[in-house]
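Enquirer: no FASTA, just this:
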Ligand code: 1HE
């Protein structure tokens, strides 16, 4: 099955995994309004046979961020609405139906980093570099980056990237938390698919809790967080699938945790 809502965003289905590919390599996968709208439609409309997704980019770079050619004519009100459009689309990536693994390579800059930050796991290959050139272009992030990126690396590091134009290479990006995995050049997509397949094998309620509940707990006071944790813990363990999985382990029919 293959489907897409825009020729520059491809969707390929591999079993229970959807691979969503930005396909505008001549413009370094710069994110035009139709591409953002298409991402929203895709992540809103994944069929329930899909259990995890991978987001990647064609060509030398993951994504060069906002399509700067579209920026020039907007007034303040239109700029506000434009940012809100990005928020709505990237919200569907982060709080959609399935965990999303970003397979990164080359430039992951500006809105490209904002998009990657909306994913649940980021796999960077050795060619990856991260930057927020908004600072030097006289603009600000508008795709949720000021909310999501400080949660990954802290506000001080994000301010450094925007104030000084600092570029983090793949190793540095992984060290500070922009990516959770660092792999050799050209292998981020394979690793991302491998991870997505593992994720797809989890109990759906566990994946739901990790996507929708964990980030909310992180925003709560400890007191409220403990209660929310107890509630979701009670719900997940009561699912028949959880009972089956625990029984399987107790009968020696499920994998043991292995040293890495
Ligand atoms: C673009 C864009 C773009 C490339 N919008 N057209 N993002 C940036 O400020 C990053 C701008 N891009 C770059 O710094 C570089 O292009 C890259 C490091 C990503 C890649 O370099 P390179 O040498 O491989 O490619 P290139 O020769 O710079 O670009 C190839 C073409 O893509 C060229 O067009 P051409 O018609 O002359 O071939 C570029 O103009 C075009 N291109 N990037 C439009 N971003 C919700 S708010 C988010 C705010 C932001 O994201 S601001 C940061 C924007």
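Expert: Arrived safely, thanks for sending. Here the structure is a predicted model, which is why all the values come from computation and not from measurement.

Enquirer: Quickly find the element holding residue 227.
Expert: Per DSSP states H and E: residue 227 is located in helix 222-238.

Enquirer: any idea which helix or strand comes after that helix?
Expert: Moving toward the C-terminus from helix 222-238, the first helix or strand encountered (DSSP H and E) is helix 240-250.

Enquirer: which parts of that next one are buried?
Expert: In terms of neighbour count (16 or more other Cβ atoms under 10 Å), helix 240-250 has its buried residues at residue 245. (C-beta placed from N, C-alpha, C; glycine too.)

Enquirer: Give me every residue in contact with it, excluding its own residues.
Expert: Contact partners of helix 240-250, identified using Cβ atoms under 8 Å, 6 or more residues apart in numbering, comprise 203, 204, 205, 206, 236, 237, 254.

Enquirer: residues near the second one, how many?
Expert: Which is residue 204. Each residue near residue 204 was counted by other Cβ atoms under 10 Å, and the total is 15.

Enquirer: where do the helices sit along the stretch 101-250 of the chain?
Expert: Counting by DSSP state H, counting those that start in this stretch, one finds helices in the stretch 101-250 of the chain at the ranges 111-118, 134-137, 145-153, 155-164, 170-176, 188-200, 204-208, 214-219, 222-238, 240-250.

Enquirer: Check which helices and strands the shortest one sits against.
Expert: Put plainly, it is helix 134-137. Packing partners of helix 134-137 (3 or more Cβ pairs under 8 Å, 6 or more residues apart in numbering; DSSP states H and E): helix 155-164.

Enquirer: on that earlier part again, which PyMOL command selects the buried ones in the contacts of helix 240-250?
Expert: Isolation of the buried members of the contacts of helix 240-250 (16+ other Cβ under 10 Å) is achieved in PyMOL through the command below:
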select buried, resi 205+206+236
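
Enquirer: In JSON lines: the contacts of helix 240-250, plus pLDDT.
Expert: As requested, the contacts of helix 240-250 are exported to JSON lines (pLDDT from 0 to 100):
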{"residue": "203", "pLDDT": "94"}
{"residue": "204", "pLDDT": "93"}
{"residue": "205", "pLDDT": "94"}
{"residue": "206", "pLDDT": "95"}
{"residue": "236", "pLDDT": "94"}
{"residue": "237", "pLDDT": "92"}
{"residue": "254", "pLDDT": "88"}
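
Enquirer: Out of the contacts of helix 240-250, the closest to residue 58 would be?
Expert: Relative to residue 58, the closest of the contacts of helix 240-250 is residue 204; by Cβ to Cβ it sits at 30.4 Å.

Enquirer: Could you pick out the residues of the chain near the ligand for me?
Expert: Residues of the chain found near the ligand (Cβ under 6 Å from any ligand atom) are 27-28, 30, 60-61, 64-69, 86, 107, 109-111, 133-134, 137, 139, 141-143.

Enquirer: Would you list the buried entries among those residues?
Expert: Counted by 16+ other Cβ under 10 Å, the residues of the chain next to the ligand give 27-28, 30, 61, 64-67, 86, 107, 109-111, 133-134, 141-143 as buried.
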